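Asks: got a predicted model here, sequence first, then my questions.
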Amino acid sequence: MTTRRKLLTALGAAALAARIPAFAQGRPPRIGYLLISPRREPPSQERQAFLDGLSEFGYVPGRNIELIYRSAEGNVEFLGAMARELLEQKPDLVVTAGSEAIDALRRATTSVPIVFLAMGDPLGLGVVKSLARPEGNVTGVSFLSADLSAKRVQLLRDLVPGTKRLAVVWDADNRNAEIEAEAAVVAARRLSMALVRVPLRSNAGIEANLRQLAASKAVALYVAFGQGAVAENRIAIAEFALRERMPLISGWHFMTEGGGLLSYAPNIPSMFRRGAYYVDRIVRGIKPSELPVEQARSIELVVNARTAKAIGISIPQSLLLRADRVIG
């Protein structure tokens with residue numbers, strides 16, 4: 001590290017120490033992090049983005065801020081217990097992502113600040129009173145994935161004009177994913193597509209769900225955004241679609257990276273990075289109710305040209321030119 005960088009780091013740390021409110025016994029701020037999926041090292045792309053965001057604000061875990069993790073290990077049913085266990089550690093605020101984890105925390109506390117790093121429709125789900133004035137103890141960064149459903153279905157029709165029967169998959173335990181799935185169903189019906197609904201209820205049932213999809217005679221597959229069973233089995237779902245030569249469209253870029261055909265989605269890592277801004281403001285003494293909910297700043301179209309070739313689909317040049325990223 002250069003002398004100049006050392007000086008800037010030292011000055012940043014000093015400035016941070018000067019502005020952090022006096023937490024219990026003068027200790028560093030304690031941030032709880034509730035995960036649905038297992039905590040892995042190295043961190044997931046999303047969690048790493050959050051850590052990078054903290055670094056940009058001068059926070060170094062273990063030095064001037066403490067991070068406490070609890071994970072439901074992929075089982076939504078454990079979220080309530082993990083939320084309570086996390087709050088027993090007396091965090092100054094808690095961060096998480098996904099409607100189920102947010103609901104678990106909201107049931108466990110009405111006083112500890114909660115920052116959602118990414119969720120679908122906090123207003124429609126009753127998490128906040130309004131986007132501009134959240135009220136209560138919850139705020140963060142949102143994307144209205146259901147609002148993008150019609151666009152995704154139309155992109156699929158543009159890419160595969162012969163799509164007459166669409167299978168819609170979502171996590172049955174995720175209310176936000178259910179809302180998005182229903183929006184996709186409405187959009188597909190407007191385009192005169194027949195529908196097959198396949199809610200995923202558990203990791204254990206994924207094989208049965210895939211057999212149901214294989215027997216459905218669906219021409220294409222729409223996967224709704226949501227933590228839980230879908231996220232945990234994204235590779236299996238993407239590989240299934242590729243094996244069945246079934247175009248897969250979703251609100252997950254990593255689903256497309258795993259073999260799906262196309263995604264039209266917010267940049268989730270950038271949302272997690274932006275979540276560090278909320279942590280910084282709350283650490284500085286600003287109440288969650290005073291921090292408006294922000295919408296995702298970047299919606300990206302990603303196309304997997306390698307998958308298109310494998311399943312025999314020709315991607316129009318016009319769509320390739322519109323894409324933010326082409327894989328393959």
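Replies: Everything's here; your move.
Asks: give me the residue at the spatial middle of this protein.
Replies: Nearest residue to the geometric centre of the chain (C-alpha atoms, centre = their mean): Ala118, 5.0 Å.
Asks: now do the SS call for that one.
Replies: Secondary structure for Ala118, judged by DSSP: H, G, I helix; E, B strand; the rest coil, is strand.
Asks: likewise for Glu300?
Replies: Relying on three-state DSSP, one would call Glu300 strand.
Asks: which non-adjacent residue is nearest it?
Replies: Distance criterion C-beta to C-beta, 6 or more residues apart in numbering; nearest residue to Glu300, sequence neighbours excluded, is Asp324 at 4.1 Å. All C-beta spots, glycine's among them, are computed from the backbone N, C-alpha and C.
Asks: give me the number of residues near the one you found?
Replies: 13 (other C-beta atoms under 10 Å).
Asks: again, but for the one 3 residues further on
Replies: By other C-beta under 10 Å, 17 other residues sit near Ile327.
Asks: quick one: the helices in the stretch 101-250 of the chain, in order.
Replies: Here the stretch 101-250 of the chain has its helices, by DSSP state H, counting those that start in this stretch, at 149-159, 175-190, 206-215, 229-232, 234-243.
Asks: what separates the residue nearest to the centre of the chain from Arg165, distance-wise?
Replies: 31 Å (C-beta to C-beta, to the nearest Å).
Asks: check what pLDDT the residue nearest to Met193 when sequence neighbours are not counted gets.
Replies: Closest residue in space to Met193, ignoring its immediate chain neighbours: Leu166 at 4.8 Å, by C-beta to C-beta, 6+ apart. The per-residue pLDDT reported for Leu166 equals 97.
Asks: do a quick rundown of the strands in the stretch 201-328 of the chain.
Replies: Using DSSP state E, counting those that start in this stretch, the strands found in the stretch 201-328 of the chain span residues 220-223, 248-250, 262-266, 294-295, 299-304, 325-327.
Asks: any chance of TSV for those, columns mean pLDDT and distance to Ile237?
Replies: Converted to TSV, these look like this (pLDDT from 0 to 100; distance: least, C-beta to C-beta, whole Å):
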stretch	mean pLDDT	distance to Ile237
strand 220-223	96	6
strand 248-250	95	7
strand 262-266	92	13
strand 294-295	92	27
strand 299-304	94	14
strand 325-327	95	17
